[in-house]
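# From the sequence below, what's the structure:
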Amino acid sequence: MEKDNMKQKNKPLMLAIFTAAYNIIEGVVSIVAGSIAKSSSLVGFGVDSFIESLSAFVMIWRFTGVDKITKEKEEEIEQKAVKLVAISFLILGLYVLFESVKSLYLREAPEPSLIGIIISILSIIIMPTLFLAKNKTGKKINSKSLIADSKQTFACLMLSFSLLVGLSLNYFLGLWWADPVAGIIIAILVFREGYKTWNEKDLCEC
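Reported below is the predicted structural model:
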């Protein structure tokens with residue numbers, strides 16, 4: 001029983017460590033590929049990966065040494081973690097929106113990116129499992145910050161779908177504007193989740 005309890009307490013930390021490691025790798029590959037292709041949505045996706053890794057580091061901070069603090073201190077850390085995750089949404093949304101609008105205004109046509117398509121498909125495969133694991137664990141231990149972080153992962157899944165559509169339309173049909181339009185859609189989704197997280201609304205709903 002004690003072993004199971006220890007495993008349950010360590011699960012949020014393990015999920016956070018995996019999220020941070022995966023997103024750092026994904027972010028580097030996406031930004032390099034996006035810079036080469038001049039793709040605002042792919043670069044934005046890479047920045048999102050780094051911001052999601054930042055959110056994961058917040059979770060690592062949140063769940064490190066949790067047995068050594070009082071319930072009052074844990075609740076204080078929990079509230080701070082929720083706000084930090086919300087701020088990460090805002091930073092991401094502003095960056096992606098700026099880059100996408102700039103690309104549309106200047107008519108910066110990105111080069112087709114097969115690597116970007118592969119990255120988005122890989123993310124679509126991995127993110128649902130990670131989201132469900134975080135969300136289920138967050139509800140089980142009654143952690144609003146982990147539930148908020150799971151919504152960051154869900155937002156990443158939505159970004160992956162938008163990215164895949166935009167890059168595919170550009171790659172297969174030559175529709176250059178689909179890339180920055182996908183970026184704008186991404187920004188809207190991110191702002192929405194950031195607002196809900198900041199106000200701690202519907203964090204316990206799926």
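# From here on, just use CA atoms for contacts and neighbour counts.
Fine.
# quick one, strands of the chain?
Residue ranges of strands cannot be listed for the chain, since DSSP state E assigns none.
# can you map out the helices along it?
With DSSP state H as the criterion, the chain has helices at 2-37, 40-63, 71-106, 114-140, 144-173, 178-198.
# now, of these, which is deepest in the fold?
Comparing the helices of the chain on average neighbours per residue, with mean count of other Cα atoms under 10 Å, the densest one is helix 40-63 at a mean of 26.
# Can you redo the helices of the chain as CSV, where the extra columns are mean pLDDT?
Supplementary listing: the helices of the chain in CSV, determined by pLDDT from 0 to 100:
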stretch, mean pLDDT
helix 2-37, 82
helix 40-63, 81
helix 71-106, 79
helix 114-140, 92
helix 144-173, 84
helix 178-198, 81
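# Let me see the contact set for residue 111.
Contacts were defined as Cα atoms under 8 Å, 6 or more residues apart in numbering; by that measure residue 111 touches 36, 37, 38, 39, 170, 171.
# Can you tell me which of these is nearest residue 13?
Proximity of these to residue 13 (Cα to Cα) peaks at residue 39, which lies at 33.5 Å.
# For the closest one, grab phi and psi.
In terms of degrees, to the nearest 10, the main-chain angles of residue 39 are phi -100, psi 110.
# what about it, how many residues close to it?
Using other Cα atoms under 10 Å, residue 39 has 30 neighbouring residues.
# check contacts around the nearest residue to it once chain neighbours are set aside.
Taking Cα to Cα, 6 or more residues apart in numbering, and ignoring the residues beside it in sequence, residue 39 has residue 110 as its nearest neighbour in space, at 4.9 Å. Contact partners of residue 110, counting by Cα under 8 Å, 6+ apart, are 37, 38, 39, 40, 176, 179.
# Give me the pLDDT for residue 110.
In this prediction, residue 110 carries a pLDDT score of 70.
# And it, how far from residue 43?
Between residue 110 and residue 43 the distance is 11 Å, computed by Cα to Cα, to the nearest Å.
# ok, residue 186 touching residue 157?
No. Between residue 186 and residue 157 there is no contact, the gap being 10.4 Å when judged by Cα atoms under 8 Å.
# just curious, which of the contacts of residue 111 is nearest to residue 87?
Looking across the contacts of residue 111 and measuring by Cα to Cα, the closest to residue 87 is residue 39, at 24.6 Å.
# Thought residue 181 was touching that closest one, still the case?
No. The pair residue 39 and residue 181 fails to qualify as a contact (Cα under 8 Å) at a distance of 11.2 Å.
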